[in-house]
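**Student:** next one to model:
(one chain, ligands or ions: 1)
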Amino acid sequence: MGSGIAQVAASNGCQVTIVDSSQPALENSKSKLKSILNRLVEKGKINEEQSKSILARIHWTTKMDEISNSNMVIEAIVENLEIKQNLFSEMESLVSDICILATNTSSLSVSKIASVCKLKSRIMGVHFFNPVPLMKLVEVIPTEETDKKLLSEVKSSLEGWGKSVVTAKDTPGFIVNRVARPFYSEALKIYEEGLADFATIDWAMKEFGGFRMGPFELMDYIGNDVNYSATKAVYDGTNHDPRYKPSPIQKKLMDEGLLGRKSGRGYFDYS
Ligand SMILES: NC(=O)c1ccc[n+]([C@@H]2O[C@H](COP(=O)([O-])OP(=O)(O)OC[C@H]3O[C@@H](n4cnc5c(N)ncnc54)[C@H](O)[C@@H]3O)[C@@H](O)[C@H]2O)c1
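**Tutor:** Residues are numbered from 1 along each chain as shown. Below you'll find the model as predicted:
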């Protein structure tokens, strides 16, 4: 997600620093972005000059302190409350008081992430969808303490990037991930009950339901770790409402590292 957000920001003239604790993840981000931009040039969507200037605006690093001069930081690391809280504490100690701190969390409480910070008025959720350059929708999630003026500035900037922005309450899964949970869980139940295999369920949803991707294809695209964490966060956040209970299959896939496209295997094999 971080690379996609960076691509959109840089395409709209922002200087971007991508920070990741993993050097291989940075290499992967760089090479994927280069091939995406090459494809856009081949298709005539952008020219060579634009491609070069987008790349020139992005800097990849493992050093967190390189965010210190930023006006805005969008966190898009692993979907884990404690790890995000630790990062927000660290970021707060590195940036100036006027830097906006946003989280791209899919489902965790933005207030809980912000709770570890001293200056909470500049913290909000800014939730993009995958793939970021193609998906127009962005949810912005203020907490009780988010500065309203900052929120409206962020919304205007995102609209300037061509996004359709909706303000969501800081509730489990916000709007889209709350609504999307049954799409996955019902499909998993159909599989668990032995009614159809993954490919057949996906086929039916595309053929008869008009969906661009079936639930299993989509879970593999999102990442089965991210999807399981989002389901669990909504389940936990709704006091274990049985409608949102994760399937054991989701956990099994995550535990076994069958994360979907990014690991080469999930519900389907991509090797
Ligand atoms: N995958 C999706 O479709 C999707 C959609 C919307 C939002 N999100 C949210 O975006 C966030 C990232 O999801 P993703 O799919 O890009 O995950 P990912 O696993 O593909 O990427 C996360 C990256 O964060 C890095 N990282 C982990 N801990 C770090 C730390 N402490 N400091 C610096 N880097 C660290 C990892 O090395 C990895 O490269 C999650 O909060 C997720 O819920 C994901």
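**Student:** only C-alpha atoms from now on, for both contacts and neighbour counts.
**Tutor:** Fine.
**Student:** got the end-to-end distance for stretch 108-128?
**Tutor:** 14 Å (C-alpha to C-alpha, to the nearest Å).
**Student:** close to the ligand, is that stretch?
**Tutor:** Yes - on the criterion C-alpha under 6 Å from any ligand atom, stretch 108-128 is in touch with the ligand at 127-128.
**Student:** what pLDDT is listed against the closest residue to residue 121 other than its chain neighbours?
**Tutor:** In this structure, residue 121 finds its nearest non-sequential neighbour in residue 146, 4.2 Å apart by C-alpha to C-alpha, 6 or more residues apart in numbering. Residue 146 is assigned a pLDDT of 98 by the prediction.
**Student:** could I get the pLDDT score of residue 221?
**Tutor:** With respect to pLDDT, residue 221 scores 97.
**Student:** you'd agree it is in a strand?
**Tutor:** No - assigned with DSSP: H, G, I helix; E, B strand; the rest coil, residue 221 falls outside any strand and is helix.
**Student:** count the residues that sit near it.
**Tutor:** 18 (other C-alpha atoms under 10 Å).
**Student:** same question, residue 159
**Tutor:** Count around residue 159 with other C-alpha under 10 Å applied: 15.
**Student:** go ahead and confirm it touches residue 165.
**Tutor:** Yes - Residue 159 is in contact with residue 165 according to C-alpha atoms under 8 Å; the separation is 6.7 Å.
**Student:** and residue 113, what element?
**Tutor:** helix 110-114 (DSSP states H and E).
**Student:** run through who's touching that helix.
**Tutor:** Helix 110-114 has contacts (C-alpha atoms under 8 Å, 6 or more residues apart in numbering) with 81, 84-85, 88, 103, 120, 123-125, 141-144, 170.
**Student:** ok, and the most crowded of the residues you listed?
**Tutor:** Counting by other C-alpha under 10 Å, top hit in the contacts of helix 110-114: residue 125 with 33 neighbours.
**Student:** that one in helix, strand or coil?
**Tutor:** Relying on three-state DSSP, one would call residue 125 strand.
**Student:** when you give positions from now on, start the count at 359
**Tutor:** I'll keep to 359 as the first residue from here, and by that count the last item is residue 483.
**Student:** bridged to it, which residues?
**Tutor:** residue 461, residue 499 (DSSP bridges).
**Student:** can you tell me how far it is from residue 405?
**Tutor:** With C-alpha to C-alpha as the criterion, residue 483 and residue 405 are 33 Å apart.
**Student:** and residue 478, by the same measure?
**Tutor:** 41 Å.
**Student:** equivalent analysis for residue 462, please.
**Tutor:** From residue 462 to residue 405 the distance is 30 Å (C-alpha to C-alpha).
**Student:** and those two? which has more neighbours close in?
**Tutor:** Using other C-alpha under 10 Å as the criterion, residue 462 and residue 405 rank with residue 462 on top: 25 against 14.
**Student:** the more buried one contacts residue 432, correct?
**Tutor:** Yes - Residue 462 lies in contact with residue 432 (C-alpha under 8 Å); the separation is 6.6 Å.
**Student:** which stretches of the stretch 459-608 of the chain form helices?
**Tutor:** 468-472, 506-518, 534-550, 556-565, 573-580, 582-595, 606-613 (DSSP state H, counting those that start in this stretch).
**Student:** how about the last one, which residues are buried there?
**Tutor:** I take that to be helix 606-613. 607-609, 611-612 (16 or more other C-alpha atoms under 10 Å).
**Student:** same check, this time on the fourth one
**Tutor:** By neighbour count on 16+ other C-alpha under 10 Å, the buried set for helix 556-565 is 556, 559-561, 563.
**Student:** just want the angle from it to helix 573-580.
**Tutor:** 100 degrees (axes from the mean of the first three to the mean of the last three C-alpha atoms, to 10 degrees).
**Student:** which residues touch stretch 412-424?
**Tutor:** Here stretch 412-424 has contacts from 364-365, 368-369, 371-381, 384, 388, 392, 449, 452, using C-alpha under 8 Å, 6+ apart.
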